[in-house]
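> Below is the structure, and that's it, no one-letter string:
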């Protein structure tokens, strides 16, 4: 009976509180993939956000594929009085956390001010998470919403506290990262290149793990015609993504292959400038397609021969769109962002170029266009095997669950060891104590 109870507890669905700055975000659809994988495995996930309801929320939820039943707790003006009550109930932990933030204000004045402004909402989230008795509370990024973790730690609340450290955190490397990570019982990152960083940042005794961000393995359709001269790129249209570099590389490659075309997927403040750049140069072979759903983009990838991402963004780390392009069977050309070798171990998987080197992307594109059918088939088999083995959202979220269960089990060990320890015989009280008790 005891063993059966232990097995059922080990397989029982977890109640997980996921902490986000904002949810959903067009460029972070991988967050939806994580949650979808967890719910598919039977776990119950609730989302808490630091920011208010996004504009055109219904459209955003649909295009990001957010499950309709997912509970999302956002700040509302109507909650302001509740925050006052929460701040009073948590006045001790909140005051100590505020003191830590202020003490770091000299080094990180902007981040410290933002953290103080976010503190009431962080307290409100901590109050709800503690009251609802979640098994796990997970900070999706180690930013402002991560302040919930030190608050829960101070109250010794039930949920296991874990934090992910990724792109934005690594670039910022500020007090928000420190406060979040030091309060986490386990710290996760998504690239081997980040292991030394999270090991250095984690609190003594905290577990650290590298678990890659995964993608859903969308069913493949090899019957779809793949345009032999069709290239695509997909990203936020911002200068750091270097979409202009993609356009220039394709323009140079058209000198030897005039049938080449380029479709650009994504939205952003740089779109108007990029469209004008293409129009003034007569690049009628460039088409701006806007933002589309992940499923629709995957179909476009399966109909294309080459995918290019020449990002110069400092926080670029193992971009999910490259994983999707590999799974779709595209010949991939990627910039040399940190850790990219984990996705493209050698040229038989895809090509890595330095976008700052003149002609590098053009040469890679010409090589991809001249690839034989046999070489393309071999590349696709190898690339898909790598994605299925290391970058599946279902498989990798199962690793998260295993880590969370181990942390929950570790919490029980001290109490179990005390319960199994034989009771010590009680010594008879000394004569003076006995006399004292009689006098009282």
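Structure received. As the structure is a prediction and not an experimental result, all values here were calculated from the model.
> average pLDDT across the helix ranked longest in the chain?
The helix that spans the most residues within the chain, counting by DSSP state H, is helix 393-420. The average pLDDT within helix 393-420 is 82.
> now swap in stretch 142-158 and tell me
97.
> Now do the buried residues in it.
Within stretch 142-158, the residues that qualify as buried are 142-154, 157-158, counting by 16 or more other CB atoms under 10 Å. Using the backbone N, CA and C atoms, a C-beta is placed for each residue, glycine as well.
> need the helices for the stretch 201-350 of the chain, in chain order.
Along the stretch 201-350 of the chain, counting by DSSP state H, counting those that start in this stretch, helices occupy 243-253, 271-280, 294-302, 320-328.
> Any chance of those in a markdown table with mean pLDDT, mean neighbour count and distance to residue 87 as columns?
Formatted as a markdown table, the helices of the stretch 201-350 of the chain follow (pLDDT from 0 to 100; neighbours: other CB atoms under 10 Å; distance: least, CB to CB, whole Å):
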| stretch | mean pLDDT | mean neighbour count | distance to residue 87 |
| --- | --- | --- | --- |
| helix 243-253 | 98 | 22 | 45 |
| helix 271-280 | 98 | 14 | 42 |
| helix 294-302 | 94 | 18 | 39 |
| helix 320-328 | 97 | 25 | 38 |
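> I'd like the ones you listed as CSV, with distance to residue 38 appended.
What follows is these, written out as CSV (distance: least, CB to CB, whole Å):
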stretch, distance to residue 38
helix 243-253, 33
helix 271-280, 34
helix 294-302, 17
helix 320-328, 17
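> Nearest to residue 190, out of those?
Counting by CB to CB, residue 190 lies closest to helix 320-328 out of these; the figure is 9.7 Å.
> So which residues make contact with the closest one?
Helix 320-328 is contacted from outside by 29-30, 213-215, 217-218, 220, 234-235, 294, 297-298, 301-302, 304, 307, 309, 332, 334, 340, 343-344, 349-350, 383-384, 386-387, 391, using CB atoms under 8 Å, 6 or more residues apart in numbering.
> and with 7 Å instead?
With contact meaning CB atoms under 7 Å, 6 or more residues apart in numbering, helix 320-328 is reached by 30, 213, 215, 217, 234-235, 298, 301-302, 307, 309, 332, 334, 343, 350, 383-384, 387, 391.
> so how far is it from its chain's centroid?
16 Å (CA atoms, centre = their mean, to the nearest Å).
> count of residues packed around the closest residue to residue 353 other than its chain neighbours?
Of all residues not flanking residue 353 in the chain, residue 360 sits nearest, at 4.2 Å (CB to CB, 6 or more residues apart in numbering). Residues near residue 360, counting by other CB atoms under 10 Å, number 19.
> Quick check, pLDDT for the nearest residue to residue 207 once chain neighbours are set aside.
Nearest residue to residue 207, sequence neighbours excluded (CB to CB, 6+ apart): residue 186, at 4.2 Å. On pLDDT, residue 186 comes in at 97.
> check contacts around residue 186.
Neighbours of residue 186 in contact, by CB under 7 Å, 6+ apart: 162, 206-207, 209, 403, 407.
> Strands of the chain, start to end?
For the chain, the strands defined by DSSP state E occupy 15-20, 44-49, 72-73, 136-139, 160-164, 186-189, 207-210, 230-234, 261-265, 286-290, 306-309, 331-335, 351-353.
> can I see the domain layout of the protein?
Under the assignment automatic domain parsing, the domains of the chain span 11-214+393-417, 230-390.
> follow-up on the earlier one: so how far is residue 250 from the residue nearest to residue 353?
Distance of residue 360 to residue 250, computed by CB to CB, to the nearest Å: 14 Å.
> burial measure for residue 88, as a count.
Residues near residue 88, counting by other CB under 10 Å: 10.
> Can you report how many residues neighbour residue 389?
Using other CB under 10 Å, residue 389 has 9 neighbouring residues.
> pLDDT value on it, please?
Confidence at residue 389, expressed as pLDDT, is 96.
> likewise residue 78?
Residue 78 is given a pLDDT of 84.
> Let me know how buried it is, in neighbour terms.
Residues near residue 78, counting by other CB under 10 Å: 7.
> Contacts only, for residue 348.
Contacts were defined as CB under 7 Å, 6+ apart; by that measure residue 348 touches 379, 382.
> For residue 310, see how far away it is.
21 Å.
> Then residue 150?
Relative to residue 310, and taking CB to CB, residue 150 is found at 39 Å.
> Residue ranges in the stretch 1-150 of the chain under the pLDDT threshold?
1-10 (pLDDT under 70).
> Try it again at 50.
Filtered on pLDDT under 50, the stretch 1-150 of the chain yields the residue ranges 1-2, 6-7.
> Quick one: the helices in it, in order.
Using DSSP H, counting those that start in this stretch, the helices of the stretch 1-150 of the chain run over 2-11, 29-40, 57-63, 80-89, 91-103, 109-131, 148-155.
> Of those, give the one that comes closest to residue 69.
That would be helix 29-40 among these, by CB to CB, at 8.3 Å.
> Okay, buried residues for the closest one please.
29-39.
> So which of those residues is the closest to residue 177?
Here the nearest of the buried residues of helix 29-40 to residue 177, counting by CB to CB, is residue 31; it sits at 18.5 Å.
> what residues are up against the closest one?
Residue 31 neighbours (CB under 7 Å, 6+ apart): 20, 23-24, 140.
> Most tightly packed of the helices of the stretch 1-150 of the chain?
Counting by mean count of other CB atoms under 10 Å, helix 148-155 has the highest mean neighbour count of those, with a mean of 22.
> Taking helix 109-131 as reference, get the angle to that one.
Counting by axes from the mean of the first three to the mean of the last three CA atoms, to 10 degrees, helix 148-155 lies at 60 degrees to helix 109-131.
> Any idea how far helix 148-155 is from the middle of the chain?
With CA atoms, centre = their mean as the basis, helix 148-155 stands 21 Å off its chain's centre.
> now stretch 150-166
Taking CA atoms, centre = their mean, the mean C-alpha location of stretch 150-166 is offset from the chain mean by 17 Å.
> Repeat that for stretch 281-292.
In terms of CA atoms, centre = their mean, the centre of stretch 281-292 is set 30 Å apart from its chain centre.
> Between the two ends of that stretch, how far is it?
26 Å (CA to CA, to the nearest Å).
> Flag every buried residue along that stretch.
By neighbour count on 16+ other CB under 10 Å, the buried set for stretch 281-292 is 283, 285-286, 288, 291-292.
> again, but for stretch 169-186
For stretch 169-186, the neighbour count (16+ other CB under 10 Å) marks 169-170, 172, 174-186 as buried.
> now the residue nearest to residue 164 when sequence neighbours are not counted: how far from residue 209?
Nearest residue to residue 164 in three dimensions, chain neighbours excluded: residue 188, at 5.1 Å (CB to CB, 6+ apart). Counting by CB to CB, the gap between residue 188 and residue 209 amounts to 5 Å.
> neighbour count winner among these two?
Per other CB under 10 Å, whichever of residue 188 and residue 209 has more neighbours is residue 188, with 23 against 15.
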